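Visitor: Generate a structure from the sequence data that follows.
(2 chains)
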Amino acid sequence: MRVNCTVNGRPREADDVWEGESLLYVLRERLGLPGSKNACEQGECGSCTVRLDGELVCACLVAAGQAEGREVVTVEGLAELAAQRAPDAGAAGDQGRDGAQTAGLSPVQRAFVDAGAVQCGFCTPGLLVAADDLLARVPDPSDADIREALSGNLCRCTGYEKILDAVRLAAARAGETV
Amino acid sequence: MDFLRPGTWEEALAAKAEHPSAVPLAGGTDVMVEINFDHRRPEYLLDLNRIGDLYEWEVGERDVRLGASVPYTRIMENLRGPLPGLALAAHTVGSPQIRNRGSVGGNLGAASPAGDSHPALLAAGAEVEAESVRGTRLIPVERFYTGVKRNALEPDELIRAVRVRKADGPQQFAKVGTRNAMVIAVCAFGLALHPRARAVRTGIGSAAPTPLRARAAEEFLDAALAEGGFWDSGRDLPPSLVRQFGELAAGSCNPIDDVRGSARYRRHAVGVMARRTLGWAWDAYRGSERTTRCA
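Guide: Purely as a prediction, here's the structure:
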């Protein structure tokens, strides 16, 4: 079957989609967006987390046909989403603390880089989408809020402390600019 | 495989009548796992995501009529007042991602003994609204679970809603697992005080082939509370009474040994959760009694 949906603001079309296929497979294998990771395929690990019509979901548990006509935002679209939310902030061209080139990163992504929250990187896209969702809803989250919001994302490197630091950093930076 | 995409409830019922083997798909948190792992290859998938009615709820005089697809997140955010037990149970489901998609209708459709909403529904009192092109029937939730992952639905029926009794007293929910998130219950227990009816109702999860009420424990406690005048006095419950309630609840279990826990552990844990949830709920009841009397 054919599936039409909006991905990161652009209309996309996937052909020859098998009826039992997941949205995750369509994103990675048919639309060339490998940012969302495929690991557990049962909603346990959160590495395929995307937004579906604004809601945080595991793309592996959404049937491709259920995405028909819907809006999907993947990790590849986070910077653009952040730019739309705060047009003045300007995601492009700014540099991280260590001078690393972080052009085109959303504030959450930049905070992950700066806090050293990326180890092997496999869980990172899902965590970024989940953390971005948290900060959009709760600008100044408590540690309990952060733990709850990230409870569906597993990091097998067990780098959770740095990940928590990154979310705190992103929240603090957003607070400064207000 | 065919992907059926009804746009209305009537179309969904017609599709299910025409293709009784069609597997209803809402949040996908159970069905998609089975498909991803090649455990299931249904001939037809019946996508219910486009049917807006299933995502709505109505708070009525006696019941909350909860649309089958209302996600757990909405229950936590909006129905904590009338459905406190179910809201507590909803909060223990999976993760934010899962709670945004999973629903009570899906829990009932899957009818896993470990489904988190079952103990809360049993304790509160609920009826499942099953509908087909032939008509609608209300199935009391304790008669809905017929076996491991089996329910009372006919092949042409779909779950339209569940009618859950609004709370008229404190409700509690407890669940045993290895962490606070992403846990399939080792076992679970729901308890609701119904001061108007002067009754206590319970629900046991994951400690028998189906979710079930701890009837013997309920009957014992109803009689003991009436005899001792506890509903009126709001006095502390004697430890011996609470202990016996726990023992009777454990006795209602018919658990198995599996990877998540042994039968013996489950029976023990259900007894402990029964005692604790009764203690918490009774404290809340006493607190509210005192407040109303002082006021």
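Visitor: biggest helix in the chain by residues?
Guide: Since you didn't name a chain, this refers to chain A. Longest helix in chain A, counting residues (DSSP state H): helix A:160-177.
Visitor: nope, chain B please
Guide: The longest helix of chain B (DSSP H) is helix B:263-294.
Visitor: counting contacts, what elements does that one pack onto?
Guide: strand B:171-176, strand B:187-194, strand B:199-205, helix B:239-251 (3 or more C-beta pairs under 8 Å, 6 or more residues apart in numbering or on different chains; DSSP states H and E). (Glycine included, C-beta is placed from N, CA and C.)
Visitor: where in chain A is pLDDT low?
Guide: A:88-103, A:178 (pLDDT under 70).
Visitor: give the contact list for the closest residue to chain A within the stretch 101-250 of chain B.
Guide: Scanning the stretch 101-250 of chain B for the residue nearest chain A gives residue B:181, at 3.5 Å (criterion: C-beta to the nearest C-beta). By C-beta atoms under 8 Å, 6 or more residues apart in numbering or on different chains, the contact set of residue B:181 is A:148, A:151-152, B:94-95.
Visitor: Return the subset of those residues lying in helices.
Guide: Cross-referencing the contacts of residue B:181 against helices under DSSP H gives residue A:148.
Visitor: As CSV, the contacts of residue B:181 with distance to residue B:251 would be great.
Guide: Listed next are those as CSV, based on distance: C-beta to C-beta, whole Å:
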residue, distance to residue B:251
A:148, 36
A:151, 34
A:152, 36
B:94, 31
B:95, 34
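Visitor: Widest-spaced pair of the contacts of residue B:181?
Guide: Spatial extent of the contacts of residue B:181 (C-beta to C-beta) is set by the pair A:148 and B:94 at 12.2 Å.
Visitor: Mind checking which of these two has more residues around it?
Guide: Between residue A:148 and residue B:94, residue B:94 has the larger neighbour count (other C-beta atoms under 10 Å in any protein chain shown), namely 22 against 18.
Visitor: where does that one fall, phi/psi-wise?
Guide: Main-chain dihedrals, residue B:94, degrees, to the nearest 10: phi 40, psi -120.
Visitor: Quickly note the distance from the residue lying closest to residue A:107 once chain neighbours are set aside to residue A:129.
Guide: Leaving aside its sequence neighbours, residue A:107 sits nearest to residue A:170 (C-beta to C-beta, 6 or more residues apart in numbering or on different chains; 5.3 Å). Noted for residue A:170: a distance of 13 Å to residue A:129, by C-beta to C-beta, to the nearest Å.
Visitor: Of these two, which one has the most company?
Guide: residue A:129 (30 against 27).
Visitor: does the more buried one count as helix, strand or coil?
Guide: Here residue A:129 is helix, with the state taken from DSSP: H, G, I helix; E, B strand; the rest coil.
Visitor: my guess is it contacts residue A:48, does it?
Guide: No. In this structure, residue A:129 is not within contact of residue A:48 by C-beta atoms under 8 Å, at 9.3 Å.
Visitor: from the contacts of residue B:181, which single one is nearest residue B:187?
Guide: For these, the nearest to residue B:187 is residue B:94 (17.3 Å; C-beta to C-beta).
Visitor: That closest one touches residue B:29, doesn't it?
Guide: Yes. Under the criterion of C-beta under 8 Å, residue B:94 makes contact with residue B:29 at 7.0 Å.
Visitor: Quickly list what's touching both of these two.
Guide: Residues touching both residue B:94 and residue B:29 by C-beta under 8 Å, 6+ apart: A:43, B:102.
Visitor: Quickly list what the closest residue to residue B:5 other than its chain neighbours is bridged to.
Guide: Spatial nearest neighbour of residue B:5, excluding adjacent residues (C-beta to C-beta, 6+ apart): residue B:47 at 5.1 Å. Counting by DSSP bridges, residue B:47 forms beta bridges with residue B:25.
Visitor: what's near enough to touch residue B:47?
Guide: A:63, A:65-66, B:3-6, B:25.
Visitor: what's the most distant pair in those?
Guide: A:63 and B:6 (14.2 Å).
Visitor: In terms of neighbours, single out the busier of these two.
Guide: residue A:63 (24 against 19).
Visitor: hey, what's that one bridged with?
Guide: With DSSP bridges applied, residue A:63 shows beta-bridge pairing to residue A:22.
Visitor: For chain B, give me its nearest residue in chain A.
Guide: For chain A, the residue closest to chain B is residue A:152, as judged by C-beta to the nearest C-beta, at 2.3 Å.
Visitor: and that residue, what is it in contact with?
Guide: With C-beta under 8 Å, 6+ apart, residue A:152 has these contacts: A:43, A:46, A:49, A:58, A:130, B:94-98, B:181-182.
Visitor: How about residue A:5?
Guide: Contacts of residue A:5 by C-beta under 8 Å, 6+ apart are A:11-12, A:67-72.
Visitor: hang on, it in a strand?
Guide: Yes. Assessed with three-state DSSP, residue A:5 lies in a strand.
Visitor: and the gap between it and residue A:31?
Guide: Where residue A:31 is concerned, residue A:5 sits at a distance of 9 Å (C-beta to C-beta).
Visitor: Spell out which residues belonging to chain A are near chain B, please.
Guide: For chain A, the residues in contact with chain B (C-beta under 8 Å from any C-beta of the partner chain) are A:1, A:18-20, A:22, A:41-44, A:46, A:49, A:55-58, A:60-63, A:65-66, A:68, A:130, A:133, A:148-149, A:151-153.
Visitor: Write the PyMOL selection for whichever of the residues you listed are buried.
Guide: Selection of the buried residues among those in PyMOL, burial being defined by 16 or more other C-beta atoms under 10 Å in any protein chain shown:
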select buried, chain A and resi 1+19+20+22+41+42+43+44+46+49+56+57+58+60+61+62+63+65+66+68+130+133+148+149+151+152+153
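Visitor: With adjacent residues omitted, what lies nearest to the residue of the stretch 51-200 of chain B found nearest chain A?
Guide: In the stretch 51-200 of chain B, no residue comes nearer to chain A than residue B:95, which is 2.3 Å away by C-beta to the nearest C-beta. When the adjacent residues along the chain are set aside, residue B:95 lies closest to residue A:152, with 2.3 Å between them (C-beta to C-beta, 6+ apart).
Visitor: helices or strands up against the helix or strand hosting residue B:159?
Guide: According to DSSP states H and E, residue B:159 maps onto strand B:158-165. Strand B:158-165 is packed against helix B:9-18, strand B:63-67, helix B:104-110, helix B:117-124, strand B:126-132, with contacts defined by 3+ C-beta pairs under 8 Å, 6+ apart.
Visitor: In terms of pLDDT, where does the residue nearest the centre of chain B sit?
Guide: By C-alpha atoms, centre = their mean, chain B has its centre lying nearest to residue B:118, at 2.3 Å. Here the pLDDT value assigned to residue B:118 is 98.
Visitor: returning to that earlier point: next one: phi and psi at the residue of chain A closest to chain B?
Guide: Backbone torsions of residue A:152, given as degrees, to the nearest 10, read phi -100, psi 10.
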